[in-house]
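>>> Following is a predicted model, sequence given first.
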Amino acid sequence: MEASAQIGVTGLAVMGRNLARNFARNGYTVAVHNRSAGRTEALIEEFGHEGAFVPAESPQEFVAALERPRRLLIMVKAGSATDQVIDEFAPLLEPGDMIIDGGNAHFADTRRRERALRERGLHFVGTGVSGGEEGALHGPSIMPGGSAESYAVLGPMLERISAHVDGEPCCTHIGTDGSGHFVKMVHNGIEYADMQLIAEAYHLLREVGGHSPAEIAETFRRWNRGRLDSYLIEITAEVLAHTDADTGRPFVDIVQDAAGQKGTGRWTVQTALDLGSPVTAIAQATFARVASSRSELRAAYRPLPGGTRQELSPDEAESFTRDVEQALYASKIIAYDQGWTMIRDASAEYGWSIDLGAVARIWRGGCIIRAAFLDRIRAAHAADPGLVSLLAEERFAREITDAQASWRAVVAGAARHGIPAPAFSAALASYDTLRGAHLPAALIQGQRDYFGAHTYHRTDREGSYHTRWAEPARPEVRTDT
Ligand SMILES: NC(=O)C1=CN([C@@H]2O[C@H](COP(=O)(O)OP(=O)(O)OC[C@H]3O[C@@H](n4cnc5c(N)ncnc54)[C@H](OP(=O)(O)O)[C@@H]3O)[C@@H](O)[C@H]2O)C=CC1
Ligand SMILES: O=C(CO)[C@H](O)[C@H](O)COP(=O)(O)O
């Protein structure tokens, strides 16, 4: 077989098929392969006319169709399937060739795979891809890790098929080894928080504000024309406005209230604990999904009393809606700030030198959390490349300040009414924790020292200290001399 394809895609389910079509529509010759040949045949039959495809039945045929250095994109089920595919294809490749993994791999697996393949002279490019089925076809946000050398060859192709905002591609080299998959994982963590915050806003508008799903859809449409303008707000309005054809009831009332997850949010929270990154809003959003699915626990709690419901007058309901918008926006700033903190922490830990402004730039289009807001984050980092937190930027700080009263009223009101608002509450608590001059952590240090002689630092002197709590006089000793 003549080596005529600039890229090959193996794994032709929804994502792989549409990425292959995207490459072909952009003028590349694309070799296509799938474990079961039916998907390859279906792609050629349905979409073969869209561009230059080279269908391959066997891995050998597939690899033979690729121009050198070979660029082989894996789009299979994340996990052990990725290792199986690598084991199958790597022996057929030669030094300098590239394996790109566009699945939602755990970044630690990507680091392991990159190391192993580097030893064999191959480039392994763990690449985050976001945008779902439609994004894959029309332009996703792409987050490649791997070597700078591989990006020099691959980058132009990936940038070409990515979404574009203001003429700029939603694709950039994130850093070495697993950095691309790490950033994609945090994208999904933020996605969980954003979705949960929006869901809490809906719940409050319905249960406290007394609005119908159709009315709330209109509210979201209005918000989508303002500073909350985002894909997730847009689709939320569509979902809320949808009526079930069978029953004539709002769609949200016929769907079971148990949220699923494939696991990237969970990975974000697990990794945040290892890094010491306080991503509490993301964590609460992830736990809220978990809790929604624990039907046996929910059944046990259900008979117990809740808060006091109070009907709002039309004026009060209108004012409450404005408060919820403020609370949603303020909480969103915190959730995004937590995501960025985590990326900054990992970048330092793994030596990735991630450009935090570039991450915001490539998330402005193509991905699930795309939003006007991300351009503000990009601009904040452009103005101050050393920005430690979004709240250190004047405009974000002013907006959070302006939202104060409403934000607190919404969280307090939710508690009074007995409506769960875990992500709103976590975001506000995070804000108060990080801005607090004094935290009760001093007492925790005392407790630790009491039961475990874990020592503490004093506010007035250098050094580590321990109080001998068991002795009546409780003498204090310095432990670091
Ligand atoms: N769906 C989405 O919106 C998004 C998905 N992703 C990620 O992209 C990747 C592809 O996702 P998606 O298109 O949804 O497909 P799936 O995750 O459903 O995976 C199905 C594909 O994996 C192949 N596969 C499974 N096991 C093996 C194996 N052991 N050896 C070879 N091939 C195997 C299947 O082949 P066969 O047809 O023979 O069964 C099929 O092509 C995943 O890693 C996913 O996490 C990333 C962003 C968004
Ligand atoms: O990667 C994605 C988008 O960026 C997927 O849509 C995401 O995996 C969905 O996650 P979950 O099923 O956990 O809600």
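Sure thing, it's come through. Ligands and ions are numbered 1, 2, ... in the order given.
>>> Quick check: V63 touching F89?
Yes: with contact defined as CB atoms under 8 Å, V63 counts as touching F89 (6.7 Å). Placement of C-beta: from N, CA and C, glycine included.
>>> Show me whatever sits in contact with both of these two.
L72 (CB atoms under 8 Å, 6 or more residues apart in numbering).
>>> And the helices in the stretch 1-150 of the chain, which stretches?
Using DSSP state H, counting those that start in this stretch, the helices found in the stretch 1-150 of the chain span residues 14-25, 37-47, 59-64, 80-89, 107-119, 132-138, 148-161.
>>> Buried deepest among those helices, which one?
Neighbour counts (mean count of other CB atoms under 10 Å) averaged over each of these peak at helix 14-25, with a mean of 23.
>>> For that one, output the C-alpha coordinates as PDB.
Output of helix 14-25 as PDB, limited to C-alpha atoms (Å, rounded to 0.1, in the frame of the first residue of the first chain):
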ATOM      1  CA  VAL A  14     -18.400   8.900  17.700                       C
ATOM      2  CA  MET A  15     -15.200  10.800  18.500                       C
ATOM      3  CA  GLY A  16     -12.800   9.100  16.200                       C
ATOM      4  CA  ARG A  17     -15.100   9.000  13.300                       C
ATOM      5  CA  ASN A  18     -15.800  12.700  13.500                       C
ATOM      6  CA  LEU A  19     -12.200  13.700  14.100                       C
ATOM      7  CA  ALA A  20     -11.300  11.600  11.000                       C
ATOM      8  CA  ARG A  21     -14.000  13.500   9.000                       C
ATOM      9  CA  ASN A  22     -12.700  16.800  10.400                       C
ATOM     10  CA  PHE A  23      -9.100  16.000   9.200                       C
ATOM     11  CA  ALA A  24     -10.400  14.900   5.800                       C
ATOM     12  CA  ARG A  25     -12.600  18.000   5.400                       C
END
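>>> and that helix, anywhere near ligand 1?
Yes: using CB under 6 Å from any ligand atom, helix 14-25 reaches ligand 1 at 14-16.
>>> close to ligand 2, is that helix?
No: applying CB under 6 Å from any ligand atom, one finds helix 14-25 separated from ligand 2 by no less than 9.2 Å.
>>> and that helix, what does it pack onto?
strand 7-10, strand 30-33, helix 37-47, helix 132-138, helix 148-161 (3 or more CB pairs under 8 Å, 6 or more residues apart in numbering; DSSP states H and E).
>>> Any idea how far it is from the middle of the chain?
Its chain's C-alpha centre and that of helix 14-25 lie 23 Å apart, by CA atoms, centre = their mean, to the nearest Å.
>>> got the angle for that helix vs helix 148-161?
80 degrees (axes from the mean of the first three to the mean of the last three CA atoms, to 10 degrees).
>>> What's the separation between A299 and ligand 1?
32 Å (CB to the nearest ligand atom, to the nearest Å).
>>> Number of residues surrounding that residue?
When counting by other CB atoms under 10 Å, one arrives at 9 neighbours for A299.
>>> ok, and the closest non-adjacent residue to the residue of the stretch 101-250 of the chain at minimum distance from ligand 2?
Residue of the stretch 101-250 of the chain nearest ligand 2, by CB to the nearest ligand atom: S130 (3.6 Å). If the residues on either side of it in the chain are set aside, S130 comes closest to C367, at 3.6 Å by CB to CB, 6 or more residues apart in numbering.
>>> Thought G8 was touching R70, still the case?
Yes: the criterion here is CB under 8 Å, and R70 meets it with G8 at 7.2 Å.
>>> Now list whatever residues contact both of those two.
V63.
>>> Report whether stretch 32-42 contacts ligand 1.
Yes: counting by CB under 6 Å from any ligand atom, ligand 1 is contacted by stretch 32-42 at 34-36, 39.
>>> Most widely separated two among those?
Farthest apart among the residues of stretch 32-42 next to ligand 1 by CB to CB are R35 and R39. That separation is 8.3 Å.
>>> which parts of the stretch 151-300 of the chain sit against ligand 2?
188, 261-262, 264-265.
>>> what about the strands in the stretch 201-350 of the chain?
With strands called from DSSP state E, counting those that start in this stretch, the stretch 201-350 of the chain shows none.
>>> how far away is H381 from D375?
11 Å (CB to CB, to the nearest Å).
>>> residues in contact with V208?
312, 320, 413-414, 417, 419.
>>> Could you find the closest non-adjacent residue to A382?
In space, A382 is closest to G357, 5.3 Å off (CB to CB, 6+ apart).
>>> any idea how far stretch 95-103 is from the chain center?
23 Å.
>>> what's in contact with it?
Here stretch 95-103 has contacts from 11, 15-16, 19, 68-78, 82, 86, 89-90, 93, 110, 113, 117, 120-127, 129, 144, 146, 150, 153-154, 181, using CB under 8 Å, 6+ apart.
>>> Which strands or helices does the biggest strand by length in the chain pack on?
When the chain is parsed with DSSP state E, its longest strand is strand 123-130. Secondary-structure packing of strand 123-130 (3+ CB pairs under 8 Å, 6+ apart): strand 98-101, helix 107-119, strand 141-144, helix 148-161, helix 179-207.
>>> Reformat these into TSV and put mean pLDDT next to each item.
TSV is the format used below for the helices and strands packed on strand 123-130 (pLDDT from 0 to 100):
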stretch	mean pLDDT
strand 98-101	98
helix 107-119	98
strand 141-144	98
helix 148-161	97
helix 179-207	98
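>>> so which of those comes closest to L228?
Closest among the helices and strands packed on strand 123-130, using CB to CB: helix 179-207, at 8.9 Å.
>>> Tell me what angle that closest one forms with helix 148-161.
Using the same axes, to 10 degrees: helix 179-207 against helix 148-161 is 40 degrees.
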